[in-house]
Each structure stands twice: as C-alpha cells, then as structure tokens.
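1. Quick one: sequence plus predicted model below, questions after.
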Amino acid sequence: IVKSLVDAEKEKKLKQGIVPKDRDIGRTTIDNYRVQFASHPNVSLTQNAVIKSSTRATAEISIRRVLSLLTVIASAHFVPVDEECPDIKRQLRDADDKCRLLYNMVEEALG
C-alpha cells in the first residue's frame, strides 16, 4: 500500500509539472487507505482489515433507536409537579428496580 501511495503521489505531481520529493507517508494515512480499500466491494484484503458486519451495525443502530424511543416516552409521560403524588410514591415502592431507576433518571433530567 505504501508503494502504491508513493507512486500515485509522484505521478500526480509529475502531471502537474512539479518535481516530486521523496517523503514518508504517515501510519494513520496508510491505515485510512487500508480501510478504504478493504471496504471496496471488489477488493479482498486478508491481513489486518476487518469490516464491521452488517448484523453488528444493525444491532448497534437498533439499540440506539430503542434508547431514543425510551427517552422520548419517559420524558413525554413525566409531568413536572411541585409535590410528588403519594400514589406515585406507593407505586414506585412496589415497582422493580429498573422502573425506579428510569423514574429517577427522568426526574433528575427534568427536575
């Protein structure tokens, strides 16, 4: 990859009428090009490039969507009041830990 990058840069400079200088290409530049090459559908690199599977990407997006929906629902159903209702306090005592945790997070966020 390094040789290809150096050759491409020399060719580009020569086409522009500039005498190319020898220079080192940084490691991050090489890594960036390696990932781009590996992502291309007609290229197969078998050394170090790993492409994120579509299943993993779908799962990550799905988790974000669920958390966003949960946040919207929680904030839409939480009505700020001056004093807490005793019925709500009783229901929270009987609720499971996850429900109380969500209530506490929304209460902290919205005041």
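-> Yep, it's here. From a predicted model like this one, the values you see are computed outputs, not experimental measurements. Residues are numbered from 1 along each chain as shown.

2. Report the rounded mean pLDDT for the strand or helix carrying Lys3.
-> Taking DSSP states H and E as the definition, one finds Lys3 inside helix 2-15. Helix 2-15 carries an average pLDDT of 81.

3. After it, which helix or strand is next? Please name it.
-> As assigned by DSSP H and E, the chain's next helix or strand after helix 2-15 is helix 27-39.

4. list the contacts for the spatially closest residue to Phe78 that is not a sequence neighbour?
-> Of all residues not flanking Phe78 in the chain, Val106 sits nearest, at 4.7 Å (C-beta to C-beta, 6 or more residues apart in numbering). Quick note: C-beta positions are derived from backbone N, CA and C, even for glycine. With contact taken as C-beta atoms under 8 Å, 6 or more residues apart in numbering, Val106 is in contact with Ala74, Ser75, Phe78.

5. got the buried residues for the helix or strand that contains Val106?
-> In this assignment (DSSP H and E), Val106 forms part of helix 97-110. Across helix 97-110, burial judged by 16 or more other C-beta atoms under 10 Å covers Leu102, Tyr103, Val106.

6. Let me know the distance separating the first one from Asp82.
-> When you say that, I think you mean Leu102. Computed as C-beta to C-beta, to the nearest Å, the Leu102 to Asp82 distance reads 22 Å.

7. check which helix or strand covers the most centrally placed residue in the chain.
-> For the chain, Glu60 is the residue whose C-alpha lies nearest the centre (C-alpha atoms, centre = their mean; 8.1 Å). Glu60 is part of helix 54-77, with elements assigned from DSSP H and E.

8. Following element in sequence after that helix, please.
-> helix 86-94.

9. quick one: contacts of that next one?
-> Under C-beta under 8 Å, 6+ apart, the answer for helix 86-94 is Cys99, Arg100, Tyr103.
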